[in-house]
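>>> next comes the sequence, and after it the predicted model I'd like to discuss.
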Amino acid sequence: MEDPLKPISEQIIRHPALRLELIKRLEKDLQHSFLDPSDDLAHIFQKLSSLIEEKPDKMGEWLYRVDVEEQRLPHLSSGTFEATQLALVILQRELQKVIFRRQYRS
């Protein structure tokens with residue numbers, strides 16, 4: 001089974017500064033300080049998953065703030081989801097936002 005974090009890891013390996021930008025973006029969009037600048041991707045993923053499990057009532061607000069496309073969350077409408085799946089979708093979207101901002105900043 002392939003590591004679901006592999007595409008994100010590859011991006012961060014190629015551009016190490018992305019990790020810190022990703023941490024800042026996550027904390028800003030989730031309005032919650034839960035990461036340490038020294039956290040590697042696995043710890044970020046683990047902490048995000050735990051946060052989702054601890055605060056499921058915040059999920060709607062977070063998905064709105066992160067701007068996750070609804071079709072990426074097929075199980076959410078039925079009320080069933082896994083925190084790790086949701087954390088992966090959030091990480092992918094936040095990394096995409098960080099990369100887009102880097103590309104288009106002047």
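Received, thanks.
>>> check which helix or strand covers residue 88.
Secondary-structure assignment from DSSP states H and E places residue 88 in helix 83-104.
>>> buried ones in that helix?
By 16 or more other Cβ atoms under 10 Å, the buried positions in helix 83-104 come out as 83, 85-95, 97-98. C-beta: built from backbone N, CA, C; applies to glycine.
>>> and of the residues you listed, the nearest to residue 14?
Proximity to residue 14 was ranked across the buried residues of helix 83-104 by Cβ to Cβ; first place goes to residue 95, at 11.9 Å.
>>> poorly predicted segments of this protein, please.
Residues of the chain that meet the criterion pLDDT under 70 lie in 1, 74-81, 106.
>>> where exactly do the strands run in it?
With strands called from DSSP state E, the chain shows none.
>>> can you tell me the centre-most residue of it?
The centroid of the chain falls nearest to residue 91 when counting by Cα atoms, centre = their mean (2.1 Å).
>>> pretty sure it contacts residue 46?
No. When contacts are counted by Cβ atoms under 8 Å, residue 91 is not listed as touching residue 46 (11.2 Å).
>>> want to try CSV for the buried residues of helix 83-104, with distance to residue 31 as columns?
Listed next are the buried residues of helix 83-104 as CSV, based on distance: Cβ to Cβ, whole Å:
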residue, distance to residue 31
83, 18
85, 22
86, 17
87, 17
88, 20
89, 18
90, 13
91, 17
92, 20
93, 16
94, 13
95, 19
97, 15
98, 17
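>>> touching, residue 19 and residue 38? I think so.
No. If you go by Cβ under 8 Å, residue 19 and residue 38 don't touch, sitting 9.7 Å apart.
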